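Colleague: okay, predicted coordinates and the sequence, questions at the end:
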Amino acid sequence: MTVLEVLQSTTGYFQKHNIESPRLNAEHLLAHVLGRKRIELYLEFERELNESELAPLRDLVKRRAEGEPLQHLLGTVEFCGHTFVCDKRAMVPRPETEQLVELIESKIENRKSKILDVGTGSGVIALSLAAESPEAEIVAADISEDALALARENAERLGLADRVRFLKSNLLENVEGVFDLIAANLPYISTEQRQTLSREVLHDPEVALFGGVGGDELVRELIAQAPSRLRPGGTLALEIGIGQSEALVEALTEKNYRDIWTKNDYSGVTRFLFARYG
């Protein structure tokens, strides 16, 4: 079979298995197996593939059709212009979180700021901010040893191992000092929504997905804890779930935060919540 024929047959196979963006998935997997950039496939449509190339592709295609995330199969994910290792140890970074990083970067007034990333996962927020603000002092915390190991790997891969300090902590339990900004993309899905999630999402660690019966319990707990670790006038920056903004704004108000504002993601969902304290 030629490159073009493989792409066409794989795309059809993915369509039958309800894979979103089937052609794009097929191109990514074939480029990965061939060690090519995706765009380079278009220059090789007539090339015949041999069995040593087709065999590993068949395995990846089968796993993708069964719902394994594309990023796990590729082993990497692009985020804010950087390539991160991505596997089952942490949640696959979402495009919405890239927007959170962009919003945080636009709010950093002092490039020597002290920043804390709570629930760092694979480290994408902390490491993206470290790459953008070389003078910032950044701490990244997570309750999962597996996630922290992955985040450290990414720090090494990006040459940022000396820029971010990683810490095992349940929210702010083991965090010391005060910060100019605390950022968090915590689990915010209700455990009652488990049956509504896609096969791909369910490959993420449960500890990275579910925030409790209501979904926002961990976010509320961080809102309560953060004042003790924010300098006067410091900022709390949160990514939140669908339909949670109104109640969380109320929670911030009750805890005496000020300058509270929300921002929609590119899909029009109120996804980001910022507030100052003190």
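Modeller: Looks like it arrived, so ask away.
Colleague: show me the shaky parts of this protein.
Modeller: The model of the chain has no residue with pLDDT under 70.
Colleague: let me see the contact set for Ala141.
Modeller: 116-120, 166-169, 171-172, 174-175 (CB atoms under 8 Å, 6 or more residues apart in numbering). Every residue, glycine included, has its C-beta placed from N, CA and C.
Colleague: just put the residues you listed in JSON lines and tack on distance to Glu109, neighbour count and secondary structure.
Modeller: JSON lines is the format used below for those (distance: CB to CB, whole Å; neighbours: other CB atoms under 10 Å; DSSP: H, G, I helix; E, B strand; the rest coil):
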{"residue": "Leu116", "distance to Glu109": "16", "neighbour count": "29", "secondary structure": "strand"}
{"residue": "Asp117", "distance to Glu109": "18", "neighbour count": "30", "secondary structure": "strand"}
{"residue": "Val118", "distance to Glu109": "21", "neighbour count": "29", "secondary structure": "strand"}
{"residue": "Gly119", "distance to Glu109": "24", "neighbour count": "27", "secondary structure": "coil"}
{"residue": "Thr120", "distance to Glu109": "23", "neighbour count": "30", "secondary structure": "coil"}
{"residue": "Phe166", "distance to Glu109": "25", "neighbour count": "21", "secondary structure": "strand"}
{"residue": "Leu167", "distance to Glu109": "25", "neighbour count": "17", "secondary structure": "strand"}
{"residue": "Lys168", "distance to Glu109": "30", "neighbour count": "13", "secondary structure": "strand"}
{"residue": "Ser169", "distance to Glu109": "26", "neighbour count": "20", "secondary structure": "coil"}
{"residue": "Leu171", "distance to Glu109": "25", "neighbour count": "20", "secondary structure": "coil"}
{"residue": "Leu172", "distance to Glu109": "23", "neighbour count": "20", "secondary structure": "coil"}
{"residue": "Asn174", "distance to Glu109": "28", "neighbour count": "11", "secondary structure": "coil"}
{"residue": "Val175", "distance to Glu109": "22", "neighbour count": "19", "secondary structure": "coil"}
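Colleague: return the member of these nearest to Arg38.
Modeller: Arg38 lies nearest to Thr120 out of these, by CB to CB, at 29.0 Å.
Colleague: surely the closest one and Ala151 touch.
Modeller: Yes. Proximity of Thr120 to Ala151 meets the contact threshold set by CB atoms under 8 Å, at 5.5 Å.
Colleague: for the contacts of Ala141, could you give me TSV that also reports distance to Ser144?
Modeller: Formatted as TSV, the contacts of Ala141 follow (distance: CB to CB, whole Å):
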residue	distance to Ser144
Leu116	17
Asp117	14
Val118	12
Gly119	9
Thr120	9
Phe166	11
Leu167	12
Lys168	8
Ser169	11
Leu171	13
Leu172	16
Asn174	14
Val175	16
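Colleague: before we move on, the earlier item: shared neighbours, Thr120 and Ala151?
Modeller: By CB under 8 Å, 6+ apart, the residues touching both Thr120 and Ala151 are Ala126, Ala140, Asp142, Phe166.
Colleague: now for those residues: which two are most distant?
Modeller: Distance extremes for the shared contacts of Thr120 and Ala151: the farthest pair is Ala126 and Asp142 at 9.9 Å, using CB to CB.
Colleague: the more surrounded of the two?
Modeller: Using other CB atoms under 10 Å as the criterion, Ala126 and Asp142 rank with Ala126 on top: 31 against 27.
Colleague: so how far is Arg163 from that one?
Modeller: As judged by CB to CB, to the nearest Å, Ala126 and Arg163 stand 9 Å apart.
Colleague: also Glu173?
Modeller: Computed as CB to CB, the Glu173 to Arg163 distance reads 24 Å.
Colleague: compare those two (neighbour count), which wins?
Modeller: The residue with more neighbours, out of Glu173 and Arg163 and counting by other CB under 10 Å, is Arg163; that gives 19 against 11.
Colleague: contacting residues around that one?
Modeller: With contact set as CB under 8 Å, 6+ apart, Arg163 has these partners: Leu127, Ala130, Pro134, Ile138, Ala155.
Colleague: which SSE is the third one in?
Modeller: Taking DSSP states H and E as the criterion, no element holds Pro134; it sits outside all helices and strands.
Colleague: just the second one next, same as before
Modeller: Here Ala130 sits within helix 124-132, counting by DSSP H and E.
Colleague: what angle separates whichever helix or strand comes after that helix from helix 124-132?
Modeller: With elements assigned by DSSP H and E, the helix or strand that comes after helix 124-132 is strand 137-142. Between strand 137-142 and helix 124-132, the angle comes out at 170 degrees (axes from the mean of the first three to the mean of the last three CA atoms, to 10 degrees).
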